[in-house]
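Enquirer: any chance you can model this:
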Amino acid sequence: MGVAIKNVRAYTKPNAGTRALGSVRNTKTVSLAVVRSTAISAGGARCPDINLNSIRSEKANIKLTGQILTLKAVAALPEDGLEVSGSTAEGNSDAESPAWTWLWMGGYLMGKSTMKGTNITTDKPHTITVAGHLVEPISPNTIDVTARLPAEELPSYQFDWGRLGA
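Expert: Numbers count the residues shown, from 1 in each chain. Sure thing, here's the model as predicted:
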């Protein structure tokens, strides 16, 4: 299964594990990132969840820490109900181009990390912290990706949940 970032529904009580849209700045570039929260803090103290109105308040001093999801742009299918976007996934204007949707295949933006005291490097998900008022919690739809991607791009961990029994 993949996650389509479309028709998102807002959470009423974000907690660890919540997916959210957040602004991220790298030098002179500002981007919109989809993150999976690993921690939420209010005034420096960790909390298990937070009221949505509080997270939107700049005065509440809420911070969300999370890992950046890697997304794949794919042409939308008719059942997605999306209108033609007028641009390609690469941003080129094209009146004949299809609408696009984003899929998350379970991956995170990774970086190299060196273990202390050794020369051993490992891949580790990037973790960022974003001010709560710059975050919008989302609840994306879960969809079957088999009709959207070539077989070689399908995740190896895809399961047929209907065949798992007690």
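
Enquirer: which strand residues bridge the residue nearest the centre of the chain?
Expert: Geometric centre of the chain, nearest residue: Val34, 3.2 Å, by CA atoms, centre = their mean. Note on Val34: beta-bridge partners Leu21, judged by DSSP bridges.

Enquirer: pretty sure it sits against Leu21.
Expert: Yes - applying CB atoms under 8 Å, one finds Val34 in contact with Leu21, separated by 6.0 Å. Where C-beta positions appear, they are placed from N, C-alpha and C, glycine not excepted.

Enquirer: what is in contact with those two at once?
Expert: With contacts defined as CB atoms under 8 Å, 6 or more residues apart in numbering, the residues adjacent to both Val34 and Leu21 are Ile138.

Enquirer: pull out the buried positions in stretch 42-52.
Expert: Ala42, Ile50 (16 or more other CB atoms under 10 Å).

Enquirer: all strands of this structure, in order?
Expert: With DSSP state E as the criterion, the chain has strands at 2-9, 19-26, 29-42, 45-47, 62-75, 100-108, 110-114, 121-125, 127-131, 135-143.

Enquirer: any chance of a markdown table for those, columns distance to Ala151 and mean pLDDT?
Expert: Formatted as a markdown table, the strands of the chain follow (distance: least, CB to CB, whole Å; pLDDT from 0 to 100):
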| stretch | distance to Ala151 | mean pLDDT |
| --- | --- | --- |
| strand 2-9 | 14 | 41 |
| strand 19-26 | 27 | 84 |
| strand 29-42 | 25 | 90 |
| strand 45-47 | 43 | 91 |
| strand 62-75 | 14 | 89 |
| strand 100-108 | 14 | 84 |
| strand 110-114 | 24 | 91 |
| strand 121-125 | 25 | 92 |
| strand 127-131 | 33 | 91 |
| strand 135-143 | 17 | 81 |
